[in-house]
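Asker: Starting from these lines, generate the structure:
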Amino acid sequence: MADEAKGMNRRQALKGGLSLGAMAAAAFGAGKGLAWSKRRDTRPNMIVIMGDDIGYSDLGAYGGDTDTPHLDALAGRAVRFDNFYNMSRCCPSRASLLTGRYPHRVNMTGNGTSLSLDTPTVAEQLRAGGYATTMIGKWHLTAAEPLPLPAEHLKWLNHQGHFDRDFGDRRTYPVSRGFDYHWGIIWGVCDYYDPFSLVENYTPVREVPKDFYLTDAISDHAVEQVTKLGKGDKPFMMYLAYTAAHWPLMAPEHVIQKYLPRFEDGWDAMRRRRYARQVKLGLVDPRIDPLPPLDNDYAENAKTAWEALTPEHRAEQVRKMATHAAMIDVMDQGIGRVVQALKDSGAYENTVIMFLVDNGASPEIMVRPGYDRPSETRDGRKVGYGEYPGGIGTELNQTGIGAHWASAANTPFHWWKAESYQGGIHTPFFISWPAGMKRRESRVVAQGTHIVDVTPTLLELAGIAPSQKGAPMDGKSFAGALSGKALPKPRPFFFEHYGARAVIDGQWKIVSPAPHGADQSYRQWALYDLASDRTETKDLAARHPEIVGRLAKAWRDWAMSVDLKLRAEGSAGGGAPDKVDNFSD
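Answerer: Predicted coordinates:
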């Protein structure tokens, strides 16, 4: 009878629009006399901040060389999840974040498609449950449809023609998928000084001021929304999706200059420096997190060791990493302004802030314009491509940091974006909620969690039962971590992206890289014991074929359940995949 009464009380709370956590927060707020406690609906506000192509060690709180005081402060008063996983690439991770499903269930098996219309987003469910919803930044869940003639398509990308076109099917835009307001880009790649696919709701933003820089503009609009919604009658949810630090490498020159001295000793030295900091911070244990070899095998990237670079190339490489750091620095400054706006509006104490990244740092080096990459600026200046394009930091380049820097940025993990090794799928994640954490600041959650778990967590915090419409929900709420309650029972996590695949089941992980060259069959599984080798340095597949077989079967069963078209099983192992240059993000 006691359990039945508890269940009835919980159902009554949900019916009345208050989760148990929200009721506790309301009581806490009343005791503190906070402004938000006067609002009739005392459920928490929620801000989900997503960084883009940021390495595990890029933030200061994770051992990095970048000045990120605002994110470091958030991490210091947050619950940190030390084994959080994503789907290794921009579109798939965003699809999972907003639906609680594996991307394969919602039309995002690959990259560059539109999010399925038949499965509700978390924004649609929150809005139906009484929340104000807003999104600022990068969407990347609307199919990019190039014009049939390449020359005309480049004219469109260059802001030189076809101004009457939408950037995709409006039914798939954020404001059609549950967000009351959206300012940001629809596609995934853009010029930070003159972005393509920039919209306000449905309306294209055709021109920007001369002093425009996208990261600052995203922060400015987020501050405006927080100032407005923080004093409103409804709780609000904001999805704040930065483009930093996704290529092209563009940042204000004075910020780049600050970082040039920090990286002049090269990627090997940076990697050792970051690893030492991580050990000191307690993020890694050398006994179970040995530092693996530096990854450098990736098509279109220089494989030359740092010491063998010419002075000119070395200077360009330093400028790359300095610009990458500067992009994150500017983002962090903006996040600081968003947090201050929360405090100024009186909404800070009762706001859940999550920070995560869509995937690890990227090794991508694009070599030609097309698809989502311009050939010229609006005024006709040529844009450079390749490892050394010139103009790094300005809008005259479309390059990235490359394999060496990406591998070092993902310290202590192996590989990078688009792969299912730890460097691609294991990224920072932490949650701050001053009114609701019950003095659990700085606690660390070791149990594995996944990006599909974010939607059910947000819904539980809002007191909203997940919709049963559309594809079955894969995620499980981890809201209990904020109050010290038990997390859901551990379960396997599955990964797949263009043939790169993995299963994580407790201490065991099997993983194989993306297909290589002309042979597009699956590559051989490697097996790692994450309890003693979280950085994937000792392949135990030959020693434990029975574990490989069990997990391989689980992966194939999962793949069939999400309607993934299976490839042939190959026998080759090791090595990195060829780069696919036609579908970037």
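Asker: In this structure, which residue is most central in space?
Answerer: Asp358 (1.8 Å; CA atoms, centre = their mean).
Asker: Give me the distance between that residue and Gly470.
Answerer: Distance from Asp358 to Gly470, counting by CB to CB, to the nearest Å: 22 Å. C-beta: built from backbone N, CA, C; applies to glycine.
Asker: ok, now Asp519?
Answerer: Taking CB to CB, one finds Asp519 at 36 Å from Gly470.
Asker: Looking at the two, which has the bigger crowd around it?
Answerer: It is Gly470, of Asp519 and Gly470, that has more neighbours when counted by other CB atoms under 10 Å, with 16 against 13.
Asker: can you count the residues close to the closest residue to Gly334 other than its chain neighbours?
Answerer: Leaving aside its sequence neighbours, Gly334 sits nearest to Ser219 (CB to CB, 6 or more residues apart in numbering; 2.6 Å). Neighbour count for Ser219, taken as other CB under 10 Å: 25.
Asker: host element of Ser219?
Answerer: helix 214-229 (DSSP states H and E).
Asker: Output the contacting helices and strands for that helix.
Answerer: strand 132-137, strand 181-185, strand 236-241, helix 311-345 (3 or more CB pairs under 8 Å, 6 or more residues apart in numbering; DSSP states H and E).
Asker: For that helix, buried residues please.
Answerer: For helix 214-229, the neighbour count (16 or more other CB atoms under 10 Å) marks 214-219, 221-223, 225-226, 229 as buried.
Asker: now what about that helix, what contacts it?
Answerer: By CB atoms under 8 Å, 6 or more residues apart in numbering, the residues outside helix 214-229 that reach it are 45, 47, 132, 134, 136-137, 181, 183-185, 190, 192-193, 195, 208, 236, 238, 240, 242-244, 327, 330-331, 333-335, 337-338, 341-342, 344-345, 347.
Asker: A ChimeraX selection for those residues, restricted to the buried ones, would help me check which they are.
Answerer: For the buried members of the contacts of helix 214-229, the matching ChimeraX selection, counting by 16+ other CB under 10 Å, is:
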select :45,47,132,134,136,137,181,183,184,185,190,192,193,195,236,238,240,242,243,244,327,330,331,333,334,335,337,338,341,342,345,347
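Asker: Arg171 and Ser116 touch, don't they?
Answerer: No. Between Arg171 and Ser116 there is no contact under CB atoms under 8 Å: 11.3 Å.
Asker: how near is Pro252 to Arg277?
Answerer: Where Arg277 is concerned, Pro252 sits at a distance of 26 Å (CB to CB).
Asker: Over to Leu551?
Answerer: 33 Å.
Asker: So for these two, which sits in the more crowded spot?
Answerer: The residue with more neighbours, out of Leu551 and Arg277, is Leu551; 23 against 18, by other CB under 10 Å.
Asker: Looking at Arg171 and Ser116, which one has more neighbours?
Answerer: The neighbour comparison of Arg171 against Ser116 (other CB under 10 Å) goes to Ser116, with 20 against 10.
Asker: mind checking which helix or strand of this structure has the lowest mean pLDDT?
Answerer: Within the chain, no helix or strand scores below helix 2-15, which has a mean of 36 by mean pLDDT, DSSP states H and E.
Asker: Helices of the chain, residue ranges please.
Answerer: 2-15, 20-32, 69-76, 90-99, 122-128, 150-157, 214-229, 253-259, 267-281, 311-345, 402-409, 422-425, 454-462, 545-561 (DSSP state H).
Asker: Give me the angle between the longest one and helix 402-409.
Answerer: Just to be clear, that refers to helix 311-345. 50 degrees (axes from the mean of the first three to the mean of the last three CA atoms, to 10 degrees).
Asker: same question for helix 311-345, mean pLDDT?
Answerer: Taken as a whole, helix 311-345 has an average pLDDT of 98.
Asker: helices or strands next to it in the packing?
Answerer: strand 45-51, helix 69-76, helix 214-229, helix 253-259, helix 267-281, helix 402-409.
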